[in-house]
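A.B. asks: Quick one, structure for this:
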Amino acid sequence: MTTPRRSARHLARRWWPVALAVPLGAAAGAGYAVVSHPSYAASAYVLVVPQNPGEASTATNFAQAYGRLAGQPQVLAVAAAETGHTRAELESLVSGTTSPDAPMIEITGTGTHAQEAARTADAVARSLVAFANSSSKDTNVRLVTLAPAAAPDKPTTPSGKLDVAVGGAAGLLLGSLVLMTRRRGGPAEAAPETPAPPATPAAPETAGTAEAPVAPRPRGERPAGPARSKAGPKDESKGEPKTEPAEPATAAAEPAEPAEAAADSGPAAGTRPPAKAKAAAGSGR
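C.D. replies: Below is the predicted model of the structure:
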């Protein structure tokens, strides 16, 4: 088997959860884009005009306030009768946004058809203009429709490319989690065995540890034997041990006696007693 084919098999065996999950996720995203119902969005624009020139900042502030009222029941009640939707349905289908530096309000309407979305946005815009102009004498501003909503050419959702990309990313995440789980739950690698320490060789016997030579025993000396117990066998009548007389001193101390005797007899052998010396001196005369 060649090396590239072996490497491909190794990669497939290791990364197969990711390789399988990414195509499945992309296919799921494409299937959702095909099955889900399309949704269209259309926008109408309303402009706030001040009655007195030079009050542009005032018009911008009123635009912020009327933009929040676009989704309120006071405005939606009139638009619901025109579109055929209930007020609760319009609250989820319509939204209003404003710009911080321009006195303009964007009314966005959504629907399952392009004409329905445009009709909803225009109805809410007209209702908001009528509601605001009813109090124009107090606010000194008027609302006018700047641009009516136009029917969109394509739906905003679903987007085929976006759904496929989201499905592929979800598959990648799922495959990575499965791969991490397999690595963590796999058999743990066996720890390398620690080699046993080598046996220490026995130290050779040195001259210092050798047994000392036994000195010759002098003649007449008894070999040292086990110490005899001074206590003899027990007396059967009294139950007490019989005592034996102590043994005489060993013969090792006997050679010292002749030396002592020689030392005592030395002066007598070399000199005569005084009385015999005087008698010898008198006979010589």
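
A.B. asks: Give me the buried positions along the longest helix along the chain.
C.D. replies: Ranked by number of residues, the top helix in the chain under DSSP state H is helix 3-35. Buried residues in helix 3-35, defined by neighbour count with 16 or more other CB atoms under 10 Å: 17-18, 21-22, 25-26, 28-30, 33. In this view, the C-beta of every residue, glycine as well, is placed from N, C-alpha and C.

A.B. asks: just curious, which of those is nearest to residue 98?
C.D. replies: residue 33 (32.6 Å; CB to CB).

A.B. asks: I'd like to know how far the closest one sits from residue 117.
C.D. replies: Distance check for residue 33 against residue 117: by CB to CB, to the nearest Å, it reads 19 Å.

A.B. asks: Check residue 172 too.
C.D. replies: 35 Å.

A.B. asks: more neighbours, the two?
C.D. replies: Legend: neighbour count by other CB atoms under 10 Å for residue 172 and residue 117, higher for residue 117 (27 against 15).

A.B. asks: What sits closest to residue 73 if chain neighbours are left out?
C.D. replies: residue 87 (6.0 Å; CB to CB, 6 or more residues apart in numbering).

A.B. asks: close enough to count as contact, that neighbour and residue 76?
C.D. replies: Yes. Residue 87 lies in contact with residue 76 (CB atoms under 8 Å); the separation is 4.9 Å.

A.B. asks: Among the two, which residue is more densely surrounded?
C.D. replies: A count of neighbours by other CB under 10 Å puts residue 76 above the other of residue 87 and residue 76, at 26 against 14.

A.B. asks: For that one, give me its contacts.
C.D. replies: Contact analysis of residue 76 by CB atoms under 8 Å, 6 or more residues apart in numbering lists 87, 90-91, 94, 124, 127.

A.B. asks: Then residue 100?
C.D. replies: With CB under 8 Å, 6+ apart, residue 100 has these contacts: 60, 64.

A.B. asks: pLDDT score assigned to it?
C.D. replies: Confidence at residue 100, expressed as pLDDT, is 87.

A.B. asks: which one is residue 43 nearest to, not counting chain neighbours?
C.D. replies: Among residues not flanking residue 43 along the chain, residue 108 sits closest, at 4.7 Å (CB to CB, 6+ apart).

A.B. asks: following the helix or strand hosting residue 123, which helix or strand shows up next?
C.D. replies: Per DSSP states H and E: residue 123 is located in helix 114-133. The helix or strand immediately downstream of helix 114-133 is helix 136-139, counting by DSSP H and E.

A.B. asks: what's that following helix in contact with?
C.D. replies: By CB under 8 Å, 6+ apart, helix 136-139 touches 51, 62, 132, 142.

A.B. asks: For the chain, just list every one of the strands.
C.D. replies: 40-50, 94-99, 102-111, 141-147, 231-234, 241-243 (DSSP state E).

A.B. asks: Now the third one - C-alpha only, CSV.
C.D. replies: As requested, the backbone C-alpha atoms of strand 102-111 are provided in CSV (Å, rounded to 0.1, in the frame of the first residue of the first chain):
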residue,chain,number,x,y,z
ALA,A,102,-32.7,62.9,10.2
PRO,A,103,-36.4,63.6,10.9
MET,A,104,-37.5,60.4,9.0
ILE,A,105,-39.4,57.3,10.1
GLU,A,106,-39.2,53.9,8.3
ILE,A,107,-42.3,51.6,8.6
THR,A,108,-41.5,48.0,7.7
GLY,A,109,-44.2,45.5,7.0
THR,A,110,-43.8,41.7,6.5
GLY,A,111,-46.0,39.1,4.9
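
A.B. asks: Okay, now the sheet partners of that strand, with direction.
C.D. replies: strand 40-50 (antiparallel), strand 94-99 (antiparallel) (DSSP bridges).

A.B. asks: got CSV for those, with distance to residue 3 too?
C.D. replies: Shown next, in CSV, are these (distance: least, CB to CB, whole Å):
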stretch, distance to residue 3
strand 40-50, 56
strand 94-99, 60
